[in-house]
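In: For reference, the sequence and a predicted model appear below.
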Amino acid sequence: MIKKIALLIGFTLLLSACSVESVMDQFTKQDQPAEASEAEVPNEDVLSDSADEVAEESPSAPEDDKAPAVNWDPPKSLIPTKLEIPSIGLSAPVEKVGLTETGEMAVTDSFETTGWYEKGYKPGSQGNAVIGGHVDSYEGAAIFYDLQFLSVGDEVVVSDENGEQLVFVVTDMVEYPWDDAPVEEIFGYTTDRSLNLITCTGDYDRDSNNYTQRLVVYTELKEA
């Protein structure tokens, strides 16, 4: 339970603090939302249990020769090292990010790279994999600045170090208030094979050094 709470705090921090210098810049801790304490969050146990359930529930070939054949070929998951979004000309490295020693979500140092939350789900597995990126810096637009121009149906491609690829399709784009994003919906378990891209949006408040909203681009694995 302690591990789950710590991870959930990390998820909340991801969506609760960002500045013009960084989308997810060394977040300031805040009180954990009341509803978050009971929510299920991705961790190694959930991943293991989910894999076991998939194996147990996988359909077998029908005994009746007249019955239609069952094709069961679940897609492979991968550890992303590259992200491409052709419709906006985006091509960027993907780094692994986790939590800092103080329970804050780590960030990428570069404004031209993206960060995959490695303590969550892998792209291609059942669950919500998450990749975050900077929207801008004091010098101008950063890697996820053009995320706002995506449309439903656009493709998002992730690759691993061996060149294996998975293609996801944008299904929705939602802007949430910075302090009221649905953490479980973005990071939690689902039977869908989802990849969510997150960055800041809305107005920039210089007094709080924060953007007013968070943009979440929801995508699902494209059927072969």
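Out: Great, that's in hand.
In: show me where this structure has helices.
Out: Counting by DSSP state H, the chain has helices at residues 2-16, 44-57, 183-187.
In: and the ones you listed, which one's lowest on average pLDDT?
Out: Between the helices of the chain, the one with the least mean pLDDT is helix 44-57; it has a mean of 38.
In: pull the helix or strand with minimum mean pLDDT from this protein.
Out: Lowest by mean pLDDT, DSSP states H and E among the helices and strands of the chain is helix 44-57, with a mean of 38.
In: Can you tell me what sits against stretch 212-221?
Out: If you take CB atoms under 8 Å, 6 or more residues apart in numbering as the criterion, stretch 212-221 is touched by 15, 18, 75, 123-124, 147-148, 150, 156, 166-178, 181, 186, 192-205. For glycine as for every other residue, the C-beta is placed from the backbone atoms N, C-alpha and C.
In: Send me it as CSV with only the CA atoms.
Out: Extracted in CSV, the C-alpha atoms of stretch 212-221 (Å, rounded to 0.1, in the frame of the first residue of the first chain):
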residue,chain,number,x,y,z
THR,A,212,-3.5,26.5,-16.0
GLN,A,213,-4.2,23.2,-17.8
ARG,A,214,-2.8,19.9,-18.9
LEU,A,215,-3.2,18.4,-22.3
VAL,A,216,-3.6,14.6,-22.6
VAL,A,217,-3.6,12.9,-26.0
TYR,A,218,-5.2,9.5,-25.7
THR,A,219,-4.1,6.8,-28.2
GLU,A,220,-4.8,3.2,-28.7
LEU,A,221,-2.8,0.4,-30.4
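In: per-residue confidence averaged over it?
Out: 95.
In: I'd like the distance between Lys76 and Leu197.
Out: Going from Lys76 to Leu197 by CB to CB, to the nearest Å gives 21 Å.
In: Assess the claim that Asn128 and Trp116 are in contact.
Out: No - using CB atoms under 8 Å, Asn128 is not in contact with Trp116, being 12.0 Å away.
In: The two: which is more packed in?
Out: Applying other CB atoms under 10 Å to Asn128 and Trp116 shows that Trp116 carries more neighbours, namely 25 against 22.
In: Quick one: residues contacting Glu101.
Out: By CB under 8 Å, 6+ apart, Glu101 has no neighbours at all.
In: any idea how far it lies from Val107?
Out: Using CB to CB, Glu101 is found at 14 Å from Val107.
In: try Tyr211
Out: Using CB to CB, Tyr211 is found at 15 Å from Val107.
In: Kindly report the same for Tyr145.
Out: Distance from Tyr145 to Val107, by CB to CB: 16 Å.
In: go on, Val217?
Out: The value you get for Val217 to Val107, if CB to CB is used, is 19 Å.
In: next one: Asn209
Out: Asn209 is 15 Å from Val107, by CB to CB.
In: Settle it for me: which of the two has more neighbours?
Out: More crowded of Asn209 and Val107, by other CB under 10 Å: Val107, with 22 against 14.
In: for this protein, which spans come out with low pLDDT?
Out: 1-74, 100, 102-105 (pLDDT under 70).
In: Mind jotting down where the strands sit in it?
Out: 82-85, 90-97, 114-117, 127-133, 136-137, 140-141, 155-159, 165-177, 193-205, 210-221 (DSSP state E).
In: Outside of the third one itself, list whatever touches it.
Out: So that's strand 114-117. 14, 24, 79-80, 83, 92-98, 105-108, 123, 129-133, 143-144, 187.
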